[in-house]
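> Need a 3D model of the following:
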Amino acid sequence: MNYSYRILVQFAKSSATFIPQVKEAVSEAVTYFNSRSAIARNPKRIKAYSYLDDDQTLLIELESSEALPTPSKGLRLLSTYLVQSTFLGDQFLAGKQLFKMALLTDKTDVEIQKIDGAELIAKVVSRAYALLKTGKTEEIIQFLKEEE
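Numbering: from 1, shown residues only. Down below sits the predicted model:
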């Protein structure tokens, strides 16, 4: 696999956490995802995943044979399985959304931790400014679209 992505995943429902039963469901979903995605038009694989200490955040390492314009959409099969084949669909949806996701890049110089709103705004402004300085308009547009 040529492309690798690190994606932070949290439930859209803010009160939901990765309790042991949820972690078991995620493990089953990852196995399902990897078996089904291996034969897809653009094969993908969850290489690794781990939970952060806050029990609200899952870090997924996704690999793909082709570049993904929106890597979080590459995990749709995982989300669909969790909603349709486990108890998560009944208890963890916020509207029609199960997860909110954020892409981390090798250039992301943000310690993975729970941060308050002021810190988050400062980090977003800092990242946007760094992209503006490089003149990478496409990356700026993509960065802003990820936050929608």
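
> Give me the below-cutoff pLDDT ranges for the protein.
1, 105-123, 128, 131, 136-137, 140, 143-148 (pLDDT under 70).

> In terms of residue numbering, what are the domains of it?
3-108, 115-148 (automatic domain parsing).

> Please convert these to a markdown table, extending it with mean neighbour count.
The way it works is simple: take the backbone N, C-alpha and C, and place the C-beta from them, glycine included. Conversion of those to a markdown table gives the following (neighbours: other CB atoms under 10 Å):
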| stretch | mean neighbour count |
| --- | --- |
| domain 3-108 | 16 |
| domain 115-148 | 12 |
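
> and for stretch 97-107, what are the contacting residues?
Under the contact criterion CB atoms under 8 Å, 6 or more residues apart in numbering, stretch 97-107 has outside partners 5-12, 59, 71-72, 75, 79, 82-83, 88-89, 92, 110, 112, 146.

> Among those residues, which lie within strands?
The members of the contacts of stretch 97-107 that map onto strands under DSSP state E are 5, 6, 7, 8, 9, 10, 11, 59.

> residue contacts, residue 71?
Contacts of residue 71 were listed using CB under 8 Å, 6+ apart, and they are 5, 7, 62, 64, 103.
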